[in-house]
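**Q** Got a sequence here, can you build the structure:
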Amino acid sequence: MSSNPVLVETWRGGVVESRHRGSFAVVDADGGVRWSAGEIDLPVFPRSAVKLLQALPLVASGAADAFGLDDAALALACASHGGEEPHVRTALSTLQRAGLDADALECGAHWPYFEPAARALAAAGREPGALHNNCSGKHSGFLCLGAHMAGGRDARGFVAGYVQRGHPLMREVEHALQTATGFDLARAPCGVDGCSIPTHAVPLRHLARAFARAGSGVGLPPDMAVAARRLRAAVARHPFLVAGSERSDTLVMEALRERLFCKGGAEGMYCAALPELGVGLALKIDDGAGRAAEVALAALVSALLPLDDREAAVVGAWSPRAQLNWRGLEVGALRATEVLRPEAAHRTQGGLPG
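**A** Got it, this is the predicted structure:
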């Protein structure tokens with residue numbers, strides 16, 4: 001049984017129905033732990049929570065400038081989107097700028113996550129394609145990087161098989177992840193993500209440090225520091241493209257803009273950069289519950305950042321989070337536990353930043 005503390009509880013009828021254990025780390029760019037709970041040195045698969053780090057080579061290499069990628073394309077490169085029309089259109093435009101098309105994508109196809117978009121596709125008698133995959137923006141960015149790496153060679157031939165760990169393109173992505181986290185990926189467990197690229201298990205301590213670096217530039221090579229700043233600015237201008245309608249990442253970043261970059265990942269993962277505090281955070285819910293991860297992330301943001309009334313209202317809608325039944329009646333709530341309250345920070349050496 002996990003020794004990690006309960007971070008989120010699900011309440012119904014005045015009693016706790018479910019308990020979600022997990023761990024989190026708030027770390028500065030020098031590696032100082034400012035607040036933590038649970039096991040933060042156990043490697044975990046961050047999944048899509050590290051898409052910002054995976055997009056660093058797209059900008060640092062010069063590929064983004066070579067193909068004239070705008071902020072929308074860069075924001076989508078960091079996305080797990082809902083498959084809505086702006087997402088699909090931007091992914092296709094990114095590919096076309098590199099002289100490629102959807103056939104080059106190796107992420108697979110699934111129905112759009114956003115149900116109205118899926119219904120519209122079905123009503124039109126169409127099947128989903130790779131552009132509807134929530135990772136198509138990231139993969140389009142990968143393919144632009146690959147086309148740039150190909151130079152004068154046949155880009156389509158060069159990028160074939162790009163999802164394999166040994167492909168030159170994926171080695172660039174792995175190098176960026178290792179540089180940002182400072183964790184030796186050669187000794188890390190490596191699996192295959194839902195979109196077919198390698199996913200490396202990295203401790204929360206190192207993931208949080210990577211996002212502190214991405215938020216401040218401290219500890220990153222100059223080209224990566226510039227890339228991180230440019231990607232965060234692009235996301236702040238186009239938060240809809242990072243997730244989409246009714247999604248927590250989009251709604252929270254629409255409210256906070258450049259004050260916060262946050263990105264969820266499968267199996268209860270979250271990573272975030274809080275530039276004004278010089279810290280990053282990473283959290284993992286043991287049972288993989290994404291809804292609990294959203295509640296925990298919102299609670300941590302509320303504890304860490306001073307929020308005005310508008311910001312607090314948006315963040316507060318996710319923690320505590322009301323649970324509605326099919327008639328729209330409020331039947332319960334997901335609530336963060338005392339472990340995620342600011343007063344708990346004194347238990348960690350260094351305390352809250354700021």
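
**Q** The helix or strand of the chain at the bottom of the mean pLDDT ranking pairs with which strands?
**A** When the helices and strands of the chain are compared on mean pLDDT, DSSP states H and E, strand 321-324 comes out lowest with a mean of 93. If you go by DSSP bridges, strand 321-324 pairs up with strand 330-336 (antiparallel).

**Q** quick one: the partner strand to chain centroid distance?
**A** 25 Å (C-alpha atoms, centre = their mean, to the nearest Å).

**Q** before we move on, what about stretch 179-190?
**A** With C-alpha atoms, centre = their mean, you get 18 Å for stretch 179-190.

**Q** got the contact list for the least confident helix or strand of the chain?
**A** Residues outside strand 321-324 that contact it (C-beta atoms under 8 Å, 6 or more residues apart in numbering): 10, 12, 291, 294-295, 298, 330-335. C-betas here are computed from N, CA, C, even on glycine.

**Q** Quick one: the residues you listed as a markdown table, columns for pLDDT too.
**A** Shown next, in a markdown table, are these (pLDDT from 0 to 100):
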| residue | pLDDT |
| --- | --- |
| 10 | 96 |
| 12 | 95 |
| 291 | 96 |
| 294 | 98 |
| 295 | 98 |
| 298 | 97 |
| 330 | 94 |
| 331 | 95 |
| 332 | 94 |
| 333 | 95 |
| 334 | 95 |
| 335 | 96 |
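
**Q** Please indicate which of the residues you listed are buried?
**A** 10, 291, 294-295, 298, 332-335 (16 or more other C-beta atoms under 10 Å).

**Q** Residue 130 contacts residue 100, doesn't it?
**A** No - using C-beta atoms under 8 Å, residue 130 makes no contact with residue 100, being 11.7 Å away.

**Q** before we move on, the earlier item: next, the buried residues of the least confident helix or strand of the chain.
**A** Using 16+ other C-beta under 10 Å as the test for burial, strand 321-324 gives 321, 323.

**Q** Alpha carbons of it, as PDB, please.
**A** Extracted in PDB, the C-alpha atoms of strand 321-324 (Å, rounded to 0.1, in the frame of the first residue of the first chain):
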ATOM      1  CA  ARG A 321     -14.700  20.900  -7.500                       C
ATOM      2  CA  ALA A 322     -18.400  20.200  -7.400                       C
ATOM      3  CA  GLN A 323     -19.700  16.900  -8.600                       C
ATOM      4  CA  LEU A 324     -23.000  17.000 -10.500                       C
END
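
**Q** Please give the centre-to-centre distance between that strand and its chain.
**A** On the basis of C-alpha atoms, centre = their mean, strand 321-324 sits 23 Å off its chain's mean C-alpha point.

**Q** Kindly report the same for stretch 311-325.
**A** 20 Å.

**Q** Check stretch 49-67 too.
**A** For stretch 49-67, the separation from the chain centroid amounts to 15 Å (computed by C-alpha atoms, centre = their mean).

**Q** Likewise for stretch 189-207?
**A** Put simply, stretch 189-207 sits 12 Å off its chain's centre (C-alpha atoms, centre = their mean).

**Q** end-to-end on it?
**A** By C-alpha to C-alpha, to the nearest Å, the extent of stretch 189-207 from end to end equals 15 Å.

**Q** Buried residues, it. List them.
**A** Counting neighbours by 16+ other C-beta under 10 Å, one finds that the buried residues in stretch 189-207 are 193-200, 202-207.

**Q** Then stretch 93-108?
**A** By 16+ other C-beta under 10 Å, the buried positions in stretch 93-108 come out as 94-95, 97-98, 100, 102, 104-108.

**Q** Tell me the one of the contacts of strand 321-324 nearest residue 137?
**A** Residue 137 has its nearest neighbour among the contacts of strand 321-324 in residue 294, at 20.6 Å by C-beta to C-beta.

**Q** Which helix or which strand is home to that closest one?
**A** Per DSSP states H and E: residue 294 is located in helix 290-304.
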